[in-house]
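> build me a structure from this.
(chains A, B and C)
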Amino acid sequence: MNMVILLPIGVPILVGMMLWMSSFAEHFRKEKKKKAPGNRIALYAVSILLLTACAAAAVVLSWTGDRQLTLTELVDGIPLYFYIDDLGKLFVTVVSVIWVLTSVYCYSYLKEEGADKRFLGCFLALYGVLVGLCFAGNLVTMYLFYELMTLVSTPLVMHNRSREAILAGLKYLFFSLCGAYAGLFGIFVLNRYCDTLVFLPGGSLSPEMAVSYAGILQAAVFVMLIGFGAKAGMLPLHAWLPTAHPVAPSPASAVLSGVIVKFGVFAMIRVVCYVVGTELIRGTWVQTVWMVLSLCTVFMGSMLAFREPVFKKRLAYSTVSQLSYIVFGLSLLNPAALTGALLHVVGHAVIKCGLFLTAGVFLSKYGCTKVSELSGIGKKQPKVLWCYTVFALGLIGMPFTAGFVSKWNLAVGSLTSKTGVFAVLGPIVLLISALLTAGYLLPVTMHGFFPGESETAGRQGNPEKERTDWWMLLPLLVLAVLTVLLGTFPGKLVSYFEELSGLLIG
Amino acid sequence: MSEKWMLLTILLPILAGTLVPLLPWKKRRDYLIFIELAAVATSVLVFALLLNHPSGALTVFRFTGNLSITLKLDGPGGFYAALVAGLWPFACLYSFEYMKHEQNERSFFLFYLITYGVTLGVAMAENILTLYFFFEMLSLITLPLVLHTRTREAVLASRTYLYYMLGGAAFAFIGVIYLLTYGETSSFRAGGVLKLSSLGEKADMMLVVFVLCFLGFAVKTAVFPFSRWLPKAGVAPTPVTALLHAVAVVNTGAFAAMRMTYYSFGVENLRGTWAQYVLMGLIIFTIVYGCSRALKETHVKRRLAWSTVSNLSYILFGIVLMTPLGLTAGLAHMLFHSVMKITAFFCAGAVLTKTGKAYVHELDGLARKMPFTFTAYLVSGLALMGVPGLCGFVSKWYLAKAAIVSEDLPALIGVAALLVSALLTAIYMMSVVVRAFCPGKDFDESAIAGASDPGPAMLIPLGFFVVLMFVFGLCSGPVISYLTRICAAIV
Amino acid sequence: MDFVQNFPFISILLSLFSGPLTSILNGKWAKRVNTLVITVIGFLSGAVLFYVLGTGEAFVYRMGHFPAPWGNEIRVGVLEGFMALFFCAVMLLCMLGGSAEREREIEDSKQNLYYIMVNLLLCSLLALIYTNDLFTAYVFVEINTISACGLIMIKQNGRTIEAAVRYMIMSLLGSGLLLLGICFLYDLTGHLLMSNIKEAVAELAATGQYHVPLFLSLGLISVGLAIKSALYPFHAWLPDAYGYSTVSSAAILSSLVSKGYIFLLVKIFYRVIGFSVVCDSKVINVLFVFGVIGMIMGSVSAIKEGEIRRMIAFSSVAQIGYIYMGFGLGTEEGIVASVYHILSHCATKSLLFVAASGLTDASGGSRKFPDLTGAGYRNKLAGVAFTVGSLSMVGFPMFSGFISKLLFAQAAMEHDRKMMITLVALAISTVLNAIYFMKTVIRIYTPAAKGYAHPDSRRIPLGEQPDKNLALVFFILLNVMLGLNSEPIVELIRKGLGMFS
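Residues are numbered from 1 along each chain as shown, chains lettered A, B, ... in the order given. Here you go, the predicted structure:
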């Protein structure tokens, strides 16, 4: 009966691949038929329904009961093994919500880009892969889906097929694989010294092993952290992020930035808390370097975002910075900080997805890429800009938004952790970064509503385009509401995470 | 099944090959069927032999007292024979369509079939001299295949090919002689034939001889600094590059090196010596070097050839780890790499016959017209990169495991080299895929107007290999346990 | 005394007197007589060989039944008989293979002169093989030199005359040194018969008397014969002599004449000085060093060469280097390997010369490599034969060269210091051999591009040169036989060397 786990993984992947292959079939037809708009709606309706069904299935499966599934042996007696645990549940829920919302948004966004089938195919398949990643029950299975995630998301980055996009895609591929292979190196080493590669809360490394092979194990864990950090945009492998996000279609960058980068963090948590255990690295050079790297990334990301004139690139740098909040929270190895980090995973996913989707609206309707072109946009699209403002405040960490709760917990965790100078340095850096965040996000709102003399966004676009587009607006509204809800009623979530953190970091 | 069948298995393709240019065939189809039947029959014989596993040895010819041509089918030999036998009929099938466009088809098949027999001879060699004999034969028999197109480029390539091959054999010969003189027997014996204690003063020399001999055989495996011949030999028709220069010939080098290490010199005498580290250093360097050269290369077949250089050193890396696990991993990679690389080459060949395009930058957008070919290429690229679920990951895993278990610093560096090479592999394989699938916005469709997927003779082998990559990747258990059993008996 | 014991003497006389006989015959008959003589001598040698094998010991034949020191002796063992047989066979095949060229390249009036020279050459070779007397050996060395000169010169163009003069000068230098050495030995021991000298030398070596003059004479003899057989630094005469003379001359010179001297040296080592004495001297180290250098340098020169005949000639320098390297190892095994290599090189080098002439015939007579492109298709048998010869030279299993390489390497294994040098030299030399021989093989099997072939190149059908093709087939068989069936021959050499002492 547990085969049902395969449903939300397999169905989207299969359907996605079929869609993708069928996009080739079009090249075989001699004359290209203009597709009727009805076809397009049908395509999207079916896809969205399918996705929703799968998402519902995934969420329901993960919140009802303990499920596991062992399939064929991959290597070395390590099977393809799925097990739905607390962390997986959390991530699968986030993924599902974001995915369904974004897929709705795609309908009107892709009207401009074209090649719906290709995009949707990858999009669906990627969903399946991510669910698989969340459900993976051991390191090798996780690595399998981690690699697949990279491979399947690359076509999304390259979607518009400009030279720039293809190069960005290759860069993305290169960095991700770099990280994945570094992770693989660690897996090789852990396979030798750990009793099992199955995820167990608190880790499966025996203390004797941890003591006698501390050197190589710490080195391996460090390599893994750097490697998986590539996906999470952590220094030194962060460079792909600001290149890949802006060229990808906005829905793609929304999910990349909102969800996929989080899986770098996900993998880190899996390694540190579920395989080797936090004791191995607590107080060692690994933890120190890790904290330094994440703090540097936080600061550097914000600074770069602050200086960046291109809107989507600015958001991308912002992602670099925000992701390292999470990584920092993780690196403190402290339950409160971990709670904050997990909260930020949720909060940032919602907020950053929303931000990129708004950027997409501006881009597709007015062709605005630079921040300076956005002044006066509020007159044209007030609803969208209001949503944007909510997201911006959330990211800065205003009370009653999702960002506040997570940052608060992070700061508390940092101050209570016994990490010496970092306990204080951390919150300071976070605060500075929050100020910078305000500095780079809020001007858009201000100039958008109060353009002053120079009203550049008033270029007369196609009036039909400028009409309120509910396909786009609806997801934005939902995300904005979620931002506020998460910030206003965080209680249940916080307690759930505290419990989880307590379990992971004893 | 009596031992005589082994000789028959070797002679069958050789005789059949000789008949191809001699008999007066009426139609092209007739001799193609004949060739395919011969190849299939040989493979069937090989598998039948494997199932019955004759335990004795068959002396075919005796030069002098202890020098003889003797055949025997043991664990690794049987494995290698099975590997070759599994691929040859498919490669033949593929070449039917490929060779349609080339000249002198019958002389091509003559040598193609003979090579099959000779490769089986390598697999079944029972003693050092037999191995050396078939090893040399293989160099010579494959020469006309490299020379096949008779262009100036082919002539130059075949010269290089031969110099490297014969030169390698000349150095391997030193080891052969050493073993014949000081070995307790000239046959292969698990654990080696040399007793350090009885060697006396000659023991110091042993390591030097071993290094020379290993490298001599490894010239066929294109280890640095002897790797230049392999990309050059890419001028040969694709069935040759695919089957011989990615599988049969090059693996023969690795196989012979394995025989030397495990069956002749003996791991006990070698493990932990400078010889092991020198070889390991060279091999690790080759792993990275091959990949980086592949990255620089813009000719698709040559790029794949450089990739082969790197991957062959994976096999050698497993071998020089000198542990059962390492050998298992090396042999597993021999099998898996064969399947992956032959697929990649077949794709390149299909593109070459269908469009005449040979360079990476010419492949833009071709996947739109040849989706099956490029999907196969994609799968093989992913497998080479080591994506789990495909066969490349399995061998990489075991190689890394063996290296880490050995707890040697050089071995750990080797693991790092594996991963660096995987990354480079990703770049050079995926850049082709990306070009083919994503040609860019302003792509001119007319450039690929005439292209189409090849016919069934090419697609069937491709499809089969793609399936095989998944099967090996998802159910590697039986293969690995088979190899583990073999290797545990050796070391 | 059995009648068979007369055979060696009869064969020397037969060849000696058939020389004058052919001078009064015309070319065609001279050829027939010559062929007949070689064949008959071959059979006689075969009979001698079987006789010696049957009795199991060497016999001494005193000419005119005078005892030493006045009489002259012939001594025949297994090795002598076998060498005589083998030399006759190879000579016959060389003559057969080069007959067409001879008729074309040599003036009609001089045709019979050629056969005189060949008969004399055979006579001197047989005498070198059989004689038990140092001075007789010297006399026949000179006869050998003169007849060889005639063979080179007889194709009268500028280069052969120059080559002959060079050959003459170098050869006479060598003979002079040899004579000096013999004189010294005579002075030291008072004997000229080999067995007598050996006894005396053994006594001298045991007492340590006359140490320096003894080794000086050994050195002089070795160097003298080394010059005559073209050991590396003394090879300057060789490429022209082999490269420009008519084919049968080149084949005979390279495969027989130089080998005669080498065989004489082996005999001197074993029968005159005593092998253990030789091994203790430093002379063999010198031979070893020059042998190794020759192996490498000969091949390097061959690689640089631009035409096929000279390339094969240079290859001879390398092969002679192998043989001296075998001597230089100073072991019984080394000598066995060297003697085997004499046979193998005999069979291979003459094959290569004859095959090369077949290829040049198909390429308008040009010997330059570019013109030879595709010659293997134009003259199929010559192409195959050349390939076989090349593979044998490279040491490919199944052919004779492999066995000699094997024997050399095995011999080297016995040695402590020289082992690695020998093995690596063998390997490098194999690579170098592969470079120039296989390059040529690939060249002759590359179809000539349109418009680039030599204007006179033509296709030679199998039936056009029956003599040459027959010779080639036999040469190939000989090669394969030596390669596959080496064990009895090696046994025979061992037995023969055992009979020497």
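> spatially nearest residue to whichever residue of the stretch 301-450 of chain A sits closest to chain C (excluding sequence neighbours)?
With C-beta to the nearest C-beta, the shortest gap between the stretch 301-450 of chain A and chain C falls at A:Val320, namely 57.1 Å. Glycine gets a C-beta too; all of them are placed from N, C-alpha and C. In this structure, A:Val320 finds its nearest non-sequential neighbour in A:Gly301, 3.6 Å apart by C-beta to C-beta, 6 or more residues apart in numbering or on different chains.
> go on, B:Ala294?
Excluding the flanking residues, the one nearest B:Ala294 by C-beta to C-beta, 6+ apart is B:Trp306, at 3.6 Å.
> so the residue nearest to A:Val320 belongs to a helix, correct?
Yes. Applying DSSP: H, G, I helix; E, B strand; the rest coil, one finds A:Gly301 inside a helix.
> so it sits against A:Ser321, correct?
Yes. Using C-beta atoms under 8 Å, A:Gly301 is in contact with A:Ser321, at 2.8 Å.
> joint contacts of those two?
Jointly contacting A:Gly301 and A:Ser321 under the rule C-beta atoms under 8 Å, 6 or more residues apart in numbering or on different chains are A:Ser433.
> just the element for A:Tyr73, please.
For the record, residue A:73 is Glu, not Tyr. strand A:68-75 (DSSP states H and E).
> you'd agree A:Val346 is up against A:Val405?
No. Under the criterion of C-beta under 8 Å, A:Val346 makes no contact with A:Val405, lying 9.4 Å away.
> which one's more surrounded, these two?
Taking neighbours as other C-beta atoms under 10 Å in any protein chain shown, A:Val346 and A:Val405 compare with A:Val405 leading, 26 against 23.
> spit out the contact partners of the more buried one.
Counting by C-beta under 8 Å, 6+ apart, A:Val405 touches A:Leu343, A:Gly347, A:Leu486, A:Gly487, A:Pro490, A:Val494.
> mind checking how far it is from C:Arg494?
97 Å (C-beta to C-beta, to the nearest Å).
> do A:Phe123 as well
Distance from A:Phe123 to C:Arg494, counting by C-beta to C-beta: 83 Å.
> ok, these two, which is more surrounded?
More neighbours surround A:Phe123 than the other of A:Phe123 and C:Arg494, with 30 against 17 (other C-beta under 10 Å).
> strands of chain C, start to end?
Counting by DSSP state E, chain C has strands at residues C:59-62, C:73-76.
> same for the first one, what does it pack against?
Spelled out, that is strand C:59-62. The contact analysis (3 or more C-beta pairs under 8 Å, 6 or more residues apart in numbering or on different chains; DSSP states H and E) places strand C:59-62 against strand C:73-76.
> how does chain B divide into domains?
According to automatic domain parsing, chain B comprises the domains B:1-270, B:285-491.
> what helix or strand is the residue lying closest to A:Val478 once chain neighbours are set aside on?
Spatial nearest neighbour of A:Val478, excluding adjacent residues (C-beta to C-beta, 6+ apart): A:Leu101 at 5.8 Å. Assigned by DSSP H and E, A:Leu101 falls within helix A:86-113.
> which parts of that helix are buried?
A:86-110, A:113 (16 or more other C-beta atoms under 10 Å in any protein chain shown).
> same deal with stretch A:182-201?
Buried, per 16+ other C-beta under 10 Å, within stretch A:182-201: A:182-194, A:197-201.
> now the residue minimising distance to the centre of chain A: how far from chain C?
Nearest to the mean C-alpha position of chain A, by C-alpha atoms, centre = their mean, lies A:Val259 at 2.1 Å. Distance, A:Val259 to chain C, using C-beta to the nearest C-beta, to the nearest Å: 60 Å.
> any idea which helix or strand of chain B has the worst average confidence?
helix B:196-199 (a mean of 74; mean pLDDT, DSSP states H and E).
> can you check chain A too?
helix A:463-466 (a mean of 64).
> what about the next helix or strand after that helix, distance to the chain center?
Next helix or strand after helix A:463-466 toward the C-terminus (DSSP H and E): helix A:470-488. Chain-centre distance of helix A:470-488: 17 Å, with C-alpha atoms, centre = their mean, to the nearest Å.
> for the stretch 401-501 of chain C, what lies in contact range of chain B?
With C-beta under 8 Å from any C-beta of the partner chain as the criterion, the stretch 401-501 of chain C meets chain B at residues C:403, C:405-406, C:409-410, C:412-413, C:416, C:419-420, C:423-424, C:426-428, C:430-431, C:434-435, C:438-439, C:442-443, C:445-447, C:484, C:486-487, C:490.
> which of these count as buried?
Buried members of those, counted by 16+ other C-beta under 10 Å: C:403, C:405-406, C:409-410, C:412-413, C:419-420, C:423-424, C:426-428, C:430-431, C:434-435, C:438-439, C:442-443, C:445-446, C:484, C:486, C:490.
> so which of these sit within helices?
C:403, C:405-406, C:409-410, C:412-413, C:419-420, C:423-424, C:426-428, C:430-431, C:439, C:442-443, C:484, C:486, C:490 (DSSP state H).
> contacting residues around the residue nearest to C:Glu142 when sequence neighbours are not counted?
Nearest non-adjacent residue to C:Glu142, counting by C-beta to C-beta, 6+ apart: C:Ser175, 5.9 Å away. With contact taken as C-beta under 8 Å, 6+ apart, C:Ser175 is in contact with C:Tyr138, C:Val141, C:Glu142, C:Thr145, C:Gly224, C:Lys228.
> so which elements touch the helix or strand following the strand holding A:Glu73?
Using DSSP H and E, the helix or strand that follows strand A:68-75 in sequence is strand A:78-83. Judged by 3+ C-beta pairs under 8 Å, 6+ apart, the packing partners of strand A:78-83 are strand A:68-75, helix A:116-135, helix A:139-157.
> would you mind writing the CA trace of the last one as PDB?
Read that as helix A:139-157. C-alpha atoms of helix A:139-157 as PDB (Å, rounded to 0.1, in the frame of the first residue of the first chain):
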ATOM      1  CA  LEU A 139      21.600   9.800   1.500                       C
ATOM      2  CA  VAL A 140      21.900   8.000  -1.800                       C
ATOM      3  CA  THR A 141      18.300   8.400  -2.700                       C
ATOM      4  CA  MET A 142      18.500  12.000  -1.700                       C
ATOM      5  CA  TYR A 143      21.600  12.500  -3.900                       C
ATOM      6  CA  LEU A 144      19.700  10.900  -6.800                       C
ATOM      7  CA  PHE A 145      16.900  13.400  -6.600                       C
ATOM      8  CA  TYR A 146      19.300  16.200  -5.800                       C
ATOM      9  CA  GLU A 147      21.000  15.600  -9.100                       C
ATOM     10  CA  LEU A 148      17.800  15.200 -11.000                       C
ATOM     11  CA  MET A 149      16.600  18.500  -9.500                       C
ATOM     12  CA  THR A 150      19.600  20.200 -11.000                       C
ATOM     13  CA  LEU A 151      19.200  18.600 -14.300                       C
ATOM     14  CA  VAL A 152      15.500  19.200 -14.600                       C
ATOM     15  CA  SER A 153      15.600  22.700 -13.500                       C
ATOM     16  CA  THR A 154      18.300  23.700 -16.000                       C
ATOM     17  CA  PRO A 155      16.000  23.800 -19.000                       C
ATOM     18  CA  LEU A 156      13.800  26.200 -17.000                       C
ATOM     19  CA  VAL A 157      16.700  28.600 -16.700                       C
END
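> and it with strand A:68-75, angle?
Angle of helix A:139-157 versus strand A:68-75, following axes from the mean of the first three to the mean of the last three C-alpha atoms, to 10 degrees, is 90 degrees.
> and helix A:139-157 with helix A:116-135, angle?
In terms of direction (the same axes, to 10 degrees), helix A:139-157 departs from helix A:116-135 by 160 degrees.
> once you drop chain neighbours, what's closest to residue 150?
By default, I'm working from chain A. A:Ser176 (4.1 Å).
> correction: the question concerned chain C.
Nearest non-adjacent residue to C:Gly150, counting by C-beta to C-beta, 6+ apart: C:Met117, 4.1 Å away.
> how about A:Val94?
Excluding the flanking residues, the one nearest A:Val94 by C-beta to C-beta, 6+ apart is A:Ala349, at 5.0 Å.
> likewise B:Tyr94?
Counting by C-beta to C-beta, 6+ apart, B:Pro461 is the residue found nearest to B:Tyr94 once chain neighbours are left out, at 4.6 Å.
> noted, bye for now.
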